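Trainee: Have a look at this fold, sequence not included:
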């Protein structure tokens, strides 16, 4: 093989290696797009919907309490939350316990509607419309229509509630 | 030999890259649809919760501009009555979208839920401004290159 042929083959090898490197970066190295208002969801429909379904189930559980089993409720629903959220929830829910038990308050919450606000592969914001029915001291029920923005994060324990804003 | 292996790798990689590029373009189109339907629903609901008796026609026209189908027909047919009610009660309703989320979506239709906050004042409130929050379910259809509202429902609490 002549020196010129060797050089040509070497140059071709370099070009091909660079092309393979570029292809590999495009296939496996390029990051997930960042959500924007124009493109708020950057994962597939099913992935986003699965996280929203978990948000709905978990949020309904978090906002459904009974004076008969308040401690068990606290323990059960904090397992659905991230550590930070669970700490914040215990801080606010703990002091309420006495009032709930004394007034024998039961609250049931159902999700009237749900939707995805923003979604990446590791964080999903879900909008939930919550219908709450509350009874106190065996009296007539009171109904409330609430809206909740729930932040779900994906962890090695699956989707967990990281924040809930209601209004 | 090395050149042949690299050439095969580059061709295979090129094919994979080409297919992935197509998949990502399709995904981007699907994902941008979320933004488009939320914007359209937000615009329509904003018009719906901003009604003024002293600009009644403009208020009604703003809702009709983002509507389509039977919903639009019904709304336009009842526009005169809506305007009369707004003026009779001297209704001033202001509001803004707090959050919106997509419930279902396809290339042709979508459903978006929207939470708003705002105020209302009218003869029934004695002219006083009262807070008024709403929950809406908005149905949209893609028609003529635009997302238009085919229905708006209030999502109330259910006993």
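Mentor: Yep, it's here. Just so it is clear, the model here is predicted, and its values are computed rather than measured.
Trainee: Go ahead and flag the most central residue of chain A.
Mentor: With distances taken as C-alpha atoms, centre = their mean, chain A has residue A:152 as the residue nearest its mean C-alpha position (1.4 Å).
Trainee: what does chain B give?
Mentor: Most central in chain B (C-alpha atoms, centre = their mean) works out to residue B:41, at 0.8 Å.
Trainee: Now that one: closest residue in space that isn't a chain neighbour?
Mentor: Distance criterion C-beta to C-beta, 6 or more residues apart in numbering or on different chains; nearest residue to residue B:41, sequence neighbours excluded, is residue B:112 at 3.8 Å. Every C-beta, even on glycine, is put in place using the N, C-alpha and C of the backbone.
Trainee: Which helix or strand contains that neighbour?
Mentor: strand B:109-121 (DSSP states H and E).
Trainee: which of the residues in the host helix or strand of residue A:124 are buried?
Mentor: Assigned by DSSP H and E, residue A:124 falls within strand A:123-136. Within strand A:123-136, the residues that qualify as buried are A:124, A:125, A:126, A:127, A:128, A:129, A:130, A:131, A:132, A:133, A:135, A:136, counting by 16 or more other C-beta atoms under 10 Å in any protein chain shown.
Trainee: List just the nearest of these to chain B.
Mentor: residue A:127 (3.3 Å; C-beta to the nearest C-beta).
Trainee: ok, what's across the strand from the closest one?
Mentor: residue A:115, residue A:149 (DSSP bridges).
Trainee: Now do the contacts for it.
Mentor: A:114-117, A:147-150, B:99-101, B:113, B:115 (C-beta atoms under 8 Å, 6 or more residues apart in numbering or on different chains).
Trainee: switch the cut-off to 6 Å
Mentor: A:115, A:117, A:149, B:99, B:101, B:113 (C-beta atoms under 6 Å, 6 or more residues apart in numbering or on different chains).
Trainee: before we move on, what about residue B:110?
Mentor: Contacts of residue B:110 (C-beta under 6 Å, 6+ apart): B:37, B:140.
Trainee: what about chain A, any weak spots by pLDDT?
Mentor: A:1 (pLDDT under 70).
Trainee: List the pairing partners of the helix or strand following the strand holding residue B:112 within its sheet, with orientation.
Mentor: Note on strand B:109-121: by DSSP H and E, the next helix or strand toward the C-terminus is strand B:130-131. As defined by DSSP bridges, the strand partners of strand B:130-131 come to strand B:109-121 (antiparallel).
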